[in-house]
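Student: Give me a 3D structure for the following:
(chains A and B)
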Amino acid sequence: MVSEDAKRLDEIDRKIVQILQDDFPMVERPWKEIGDKLNITEDDVIKRLKRLNELGITRKIGPIIDSSRVGLTAATLVAMKVPKNKVDDVACTINEYGSVSHNYEREHEYNVWFTITASSNKGLTNILEEIRQKTGINPSDVLNLPTKQRFKINVRFQLT
Amino acid sequence: MDEVDYKILFETNKGLLLTAEPFNEIAAQLGITPQEVIARLVKLRDSGVIRRFGASIKPNDLGFSANALVAWKVPENRVQDVGSCLSKYQEVTHCYERKTIAGKWEYNLYTVMHARKREAIEQLVNSLSEATAVNDYLILYSTRDLKKAYARSTSTVLLPAEASVPSENLRGTREI
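Tutor: You can find the predicted model right below:
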């Protein structure tokens, strides 16, 4: 199933998005370099990027930072059992924390899953405890699953 | 990393401007040349502080609407091999080993995968299970991105207090 937004991308748009994911040209005029590769003008690349941005496809072009290298060495995945009618409220509370990077509702009795990063394990525990108290979720309905080892993180998609 | 590196990370993390020479403004702000901004970014990328430079894509917007977290129960002495094996698959975007909770939750390896349909996820998980001979697993399909639904701001990378730019946050990109 191809989403409506994806349908509105032509071959050149897809190639641009692919280059932006895989092989960003780190030069003074990156859009010109991309244009040269695709035989279109720099202006055309910029125009298409503005449109892709408006469509919400390329939200931001910049560095994806390894948080462990800027001092955020502790990370955890938390799962909570949240009553269906409380999911929205609980999600709002969780999302108030800048150190929460992802938050998904999933099909399981543990239905809310989110990740926290912090500069220490103590920091993680404090944030989690605060969230737990604010949301009133019972400790026995919470799984705290700290990261032991990262094997892979590489989020990119094949479009062309 | 020095203070200039932090500032470059902070500025570029807001997203590059769609102007012909997007590094010029940052360079002017920091009083260095655009070439130096670029050289420093390349160095940060080569050293792994920047995992990747470019666009982050929300998979859903490009038709990759099925997303699953799969929790695997792997014998302790096989974690390294199984983790490496699972990481080789392109569809697997994340693979982490995590602590378990004895007697309550004993899954120790986690993968995230994206596909256009659930059937594709199921097939993939089947082949991963065969390839690794790990049969004890749990597929946790996402039904909603709660961060996206209720985001008050974009996700934020908070620089720790001991960082050289103490009062500032790095707002922005983190991979899903």
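Student: Mind jotting down where the strands sit in the chain?
Tutor: Using chain A here. Taking DSSP state E as the test, the strands found in chain A are A:58-65, A:74-80, A:100-106, A:112-118, A:142-153.
Student: looking at chain B here, not the other one
Tutor: According to DSSP E, the strands that chain B contains are B:50-57, B:66-72, B:92-98, B:109-115, B:137-145, B:156-157, B:170-171.
Student: what's the angle from the fifth one to strand A:100-106?
Tutor: What separates the directions of strand B:137-145 and strand A:100-106 is an angle of 110 degrees, with axes from the mean of the first three to the mean of the last three CA atoms, to 10 degrees.
Student: Run through the chain and note the low-pLDDT ranges.
Tutor: Here I'm looking at chain A. For chain A, the stretches flagged by pLDDT under 70 are A:1-7, A:157-160.
Student: could you do chain B instead?
Tutor: In chain B, residues with pLDDT under 70: B:58-62, B:149-176.
Student: and A:K122, how many residues sit next to it?
Tutor: 10 (other CB atoms under 10 Å in any protein chain shown). Where you see a C-beta, it was placed from the backbone N, CA and C, and this is true even at glycine.
Student: Tell me the spacing between it and B:F64.
Tutor: 37 Å (CB to CB, to the nearest Å).
Student: Also A:I34?
Tutor: According to CB to CB, A:I34 and B:F64 sit 23 Å apart.
Student: try B:K43
Tutor: On the measure of CB to CB, B:K43 and B:F64 end up 32 Å apart.
Student: So the two - more neighbours on which side?
Tutor: B:F64 (25 against 13).
Student: Tell me if I'm right that the more buried one and B:R118 touch.
Tutor: No: look at B:F64 against B:R118 with CB atoms under 8 Å: they stay out of range, at 11.8 Å.
Student: quick one, helices of chain B?
Tutor: B:3-12, B:24-30, B:34-46, B:79-87, B:118-132, B:146-150 (DSSP state H).
Student: swap in chain A?
Tutor: Using DSSP H, helices in chain A cover A:4-7, A:11-22, A:30-38, A:42-54, A:87-95, A:121-135.
Student: which ones are touching the residue with the largest distance to the centre of chain A?
Tutor: In chain A, the residue that sits farthest from the middle, by CA atoms, centre = their mean, is A:N39; the gap is 31.5 Å. With contact set as CB atoms under 8 Å, 6 or more residues apart in numbering or on different chains, A:N39 has no partners.
Student: so how far is chain B from it?
Tutor: From A:N39 over to chain B the distance is 18 Å, taken as CB to the nearest CB, to the nearest Å.
Student: And A:R69, by the same measure?
Tutor: For A:R69, the distance to chain B - CB to the nearest CB - is 4 Å.
Student: Just give the closest residue to that residue, not the sequence neighbours.
Tutor: B:V49 (4.4 Å; CB to CB, 6 or more residues apart in numbering or on different chains).
Student: so who does that neighbour touch?
Tutor: Residues counted as contacts of B:V49 (CB under 8 Å, 6+ apart) are A:65-66, A:69-70, B:1, B:5, B:9.
Student: Check A:K84 too.
Tutor: The contact partners of A:K84, taken as CB under 8 Å, 6+ apart, are A:N111.
Student: One more: B:D81?
Tutor: Per CB under 8 Å, 6+ apart, neighbours of B:D81: B:T132.
Student: hmm, stretch B:104-118 in reach of chain A?
Tutor: Yes: on the criterion CB under 8 Å from any CB of the partner chain, stretch B:104-118 is in touch with chain A at B:104-105, B:110, B:114, B:116-117.
Student: ok, now how distant is the residue of chain B most remote from its centre from B:D5?
Tutor: Within chain B, the residue lying farthest from the chain centre (CA atoms, centre = their mean) is B:G31, at 31.5 Å. Distance, B:G31 to B:D5, by CB to CB: 15 Å.
Student: Can you get me the start-to-end distance on stretch A:100-116?
Tutor: Taking CA to CA, to the nearest Å as the measure, stretch A:100-116 stretches 5 Å from start to finish.
Student: can you check stretch B:53-65 too?
Tutor: End-to-end for stretch B:53-65, by CA to CA: 24 Å.
Student: and the nearest residue to B:T143 once chain neighbours are set aside, how many neighbours does it have?
Tutor: Nearest residue to B:T143 in three dimensions, chain neighbours excluded: A:E105, at 5.0 Å (CB to CB, 6+ apart). A:E105 has 21 neighbouring residues, counting by other CB under 10 Å.
Student: Outline the domain layout of the chain.
Tutor: In the absence of a named chain, this looks at chain A. A:9-54, A:67-146 (automatic domain parsing).
Student: was after chain B, sorry
Tutor: If you go by automatic domain parsing, chain B breaks into B:3-56+B:151-171, B:59-143.
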